[in-house]
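Peer 1: Here's a sequence, model it:
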Amino acid sequence: MATTTTTSINTGGEDRVLATAQQIVKSLNTPKEVREDMLLIFSSFDNRLSNISNLINGEDSKAEDDRFDAAEKVILRWDSSSVDSSRRSLNWEDSHEEADEYLLAVDEILNLMDELSVRSDTEIVDRAETAIQVAMSRLEDEFRHIMIRNTVPLDAERLYGSIRRTTLSFPVNDGEIVDDEFESFSEEDRSTTQRFHERGASIGDDVSVDLIDAKAVDELKEIADRMLRSGYEKECVQAYSSVRRDALDECLAILGIEKLSIEEVQKIEWNSLDEKMKKWIQAVKIVVRVIVSGEKSLCDQIFNDADGIKEICFNETVKGCVMQLLNFGEAVAIGRRSPEKLFRILDMYDVMADALPDLEAMVTDEFVINEAKGVLCGLGEAASGTFVEFENAVQSETSKKPMQSGDIHPLTRYVMNYLKLIVEYSDTLNLLLEIGEDDGSDALQNNDNDDSKLSPVAHRLLLLISSLQSNLEAKSKLYEDNALQYIFLMNNFLYVVQKVKDSDLGEVLGDNWVRKRRGQIRQYATSYLRASWSKALACLKDEGIGGSSSNAAKVALKERFKNFNACFEEIYRVQTAWKVPDAQLREELRISISEKVLPAYRSFLGRFGNQVESGRHAGKYIKYTADDLESYLLDLFEGSPRVLHHLRRKST
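Peer 2: So this is what the prediction gives:
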């Protein structure tokens, strides 16, 4: 009886110990591994406690199975392979209950996966893996759906509004250089039509736009976290990048960037190409500083705990968009070089130079960065090569058709407007241009500039203007009339000087250069007076007349007046058709003529006029008073030919 009682007590005590140990472990709410360690310690106290682990593990397994069944049921309910369920998405809006339930079910199975893997029950392990596959398929669909549904619509106004527009305009003549021939530039085109070269807009600091609705970012992050945890990185990256690539392609289309091959770009006519280049310049700014930057921020938010994944995802997303821009830049860089392209190419170079550091800071794909560096280098070479083409065109322009009125040559207008723009790009061109050892030192020796201190741009500008002046001097020889040669040179050299003074060219060439050219213009004016009026003034000299009032002397006097009248009328007929567009130069020439001609005429008329007046037909020889001549001189150089038809007017 005592033995029975003892056994009963021992059994009851053991049950209480088991229950107590079980309760302690459960109340601690510790992980399974820790519980197992604790149970092992308890069981080591007495062999009667050796079955504790088996008992509790059995209960844990049952609890795990129950949790797994519940989670599996939720996941299979949204199996994407089911026709019915694939027609709708989880409710991520309103109460968010469906989505939360699904994510909790995924978490439950992921948490149980490690515990299930140590069990010998392969059936339930296979079920768990199948459930995860089903869940990942659903989450991938949800990921795409949320991104597409919450992509913020963009339009041109929003994209262009993301940068601060500060457009600078400079006038450039409208003509083009065709086969190095400048004579195709008619003056009518230049006087009535000017195009404006637009420097690109600068980018401000406030350059962000929302690419994805902010409220959806957290949802995408929750999905991405589960997919990455489940080992579905590739599927997640592919889903993200495919949707976002389409969105970036749409942005490029909105910005007017077409998918063109290099061959297609090189076949585009200049006017159309110019428009595409302008759009490209704006697109690079917006894409790099706004779109790519926004994409980087979006990837950082969604994949913030997975550095390697977010880097791959970002690179894959933006690569196509960036490469499409770079391909156009490369096509322009290797295209035919002609002077009209220079400034647009320089704009492209500048925007690429500004964008490259930002690209390097964001994009880690070496291929893309190397391509960007190559395009920048190619645009730089294209710019310097195009500048050389312009220099060659100025030197070799050999049009043989003189300006009829001695007016400013189209070459002069084109070159000087071109040079004014070049100064605006001095910083860039100083990086791209080099000075050769024998680069025109003879042409610069009389410019009063220390050639060793000149920047590459200043050096080349001096050479260009020197080439232009030499070309103009050669063109002046096309005029048979020597006087018109000097009118032509005065007009063109004055135009050059004025363009230099009225622009930053003046700082490059200096005051001494301007003074020398003005002195040269005065020399041309002196040469004009000599070539044009020497014959007329010779008629007003005393030689061969003397003071005699003989018939022979009167005949000689009449011949002198007659010859002077003929000279003056011929000059009037011819030189009223000549044109001096600058009002000040026109007035100075008239004053110079008056100072030379009128005193000589008054003096000659005063000394010998009476002898002719006393004879018959005096009006035939003395046709003009000094005041008449002064009045007629006001008609010279207006570009409108006139002929003198009148009767003699009596002098007061």
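
Peer 1: how much space between V415 and I408?
Peer 2: According to CB to CB, to the nearest Å, V415 and I408 sit 11 Å apart. From N, CA and C alone the C-beta is placed, and that goes for glycine too.

Peer 1: Low-confidence ranges, the stretch 501-650 of the chain, go.
Peer 2: Within the stretch 501-650 of the chain, the segments meeting pLDDT under 70 span 546-550, 613-619, 645-650.

Peer 1: With the chain instead?
Peer 2: Residue ranges of the chain with pLDDT under 70: 1-64, 80-88, 91-95, 114-121, 156, 161-209, 435-452, 546-550, 613-619, 645-652.

Peer 1: quick one, domains of it?
Peer 2: As assigned by automatic domain parsing, the chain contains the domains 1-50, 156-166+202-376, 169-200+398-526, 539-633.

Peer 1: Nearest approach to A71 belongs to which of those domains?
Peer 2: Checking the domains of the chain against A71 by CB to CB gives domain 156-166+202-376 as the closest, at 12.7 Å.

Peer 1: tell me how far the strand or helix carrying I487 is from the chain's mean position?
Peer 2: Following DSSP states H and E, one finds I487 within helix 482-501. From the chain centre to the centre of helix 482-501 is a distance of 36 Å (CA atoms, centre = their mean, to the nearest Å).

Peer 1: Using PDB, write out every CA atom in that helix.
Peer 2: Provided in PDB are the C-alpha atoms of helix 482-501 (Å, rounded to 0.1, in the frame of the first residue of the first chain):
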ATOM      1  CA  ASN A 482      39.100 102.900-107.800                       C
ATOM      2  CA  ALA A 483      36.900 105.300-105.800                       C
ATOM      3  CA  LEU A 484      34.300 102.600-105.300                       C
ATOM      4  CA  GLN A 485      37.000 100.200-104.000                       C
ATOM      5  CA  TYR A 486      37.600 102.600-101.100                       C
ATOM      6  CA  ILE A 487      33.900 103.100-100.400                       C
ATOM      7  CA  PHE A 488      33.600  99.300-100.200                       C
ATOM      8  CA  LEU A 489      36.500  99.000 -97.900                       C
ATOM      9  CA  MET A 490      35.300 101.900 -95.700                       C
ATOM     10  CA  ASN A 491      31.800 100.400 -95.400                       C
ATOM     11  CA  ASN A 492      33.100  97.000 -94.500                       C
ATOM     12  CA  PHE A 493      35.900  97.900 -92.200                       C
ATOM     13  CA  LEU A 494      33.700 100.300 -90.300                       C
ATOM     14  CA  TYR A 495      31.100  97.500 -89.900                       C
ATOM     15  CA  VAL A 496      33.900  95.300 -88.400                       C
ATOM     16  CA  VAL A 497      35.000  98.100 -86.000                       C
ATOM     17  CA  GLN A 498      31.400  98.800 -84.900                       C
ATOM     18  CA  LYS A 499      30.700  95.100 -84.200                       C
ATOM     19  CA  VAL A 500      33.900  94.900 -82.200                       C
ATOM     20  CA  LYS A 501      33.100  98.000 -80.100                       C
END
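
Peer 1: what packs against it?
Peer 2: Packed against helix 482-501 by the contact rule (3 or more CB pairs under 8 Å, 6 or more residues apart in numbering; DSSP states H and E) you find helix 410-424, helix 456-476, helix 505-509, helix 511-538, helix 583-613.

Peer 1: got JSON lines for those, with mean neighbour count and distance to K267 too?
Peer 2: Formatted as JSON lines, the helices and strands packed on helix 482-501 follow (neighbours: other CB atoms under 10 Å; distance: least, CB to CB, whole Å):
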{"stretch": "helix 410-424", "mean neighbour count": "21", "distance to K267": "26"}
{"stretch": "helix 456-476", "mean neighbour count": "20", "distance to K267": "31"}
{"stretch": "helix 505-509", "mean neighbour count": "19", "distance to K267": "36"}
{"stretch": "helix 511-538", "mean neighbour count": "16", "distance to K267": "43"}
{"stretch": "helix 583-613", "mean neighbour count": "16", "distance to K267": "47"}
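
Peer 1: got JSON lines for the ones you listed, with distance to V332 too?
Peer 2: Below are the helices and strands packed on helix 482-501 laid out as JSON lines (distance: least, CB to CB, whole Å):
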{"stretch": "helix 410-424", "distance to V332": "18"}
{"stretch": "helix 456-476", "distance to V332": "22"}
{"stretch": "helix 505-509", "distance to V332": "28"}
{"stretch": "helix 511-538", "distance to V332": "35"}
{"stretch": "helix 583-613", "distance to V332": "42"}
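
Peer 1: closest one to N565 among the ones you listed?
Peer 2: Taking CB to CB, helix 511-538 is the member of the helices and strands packed on helix 482-501 nearest to N565, at 9.4 Å.
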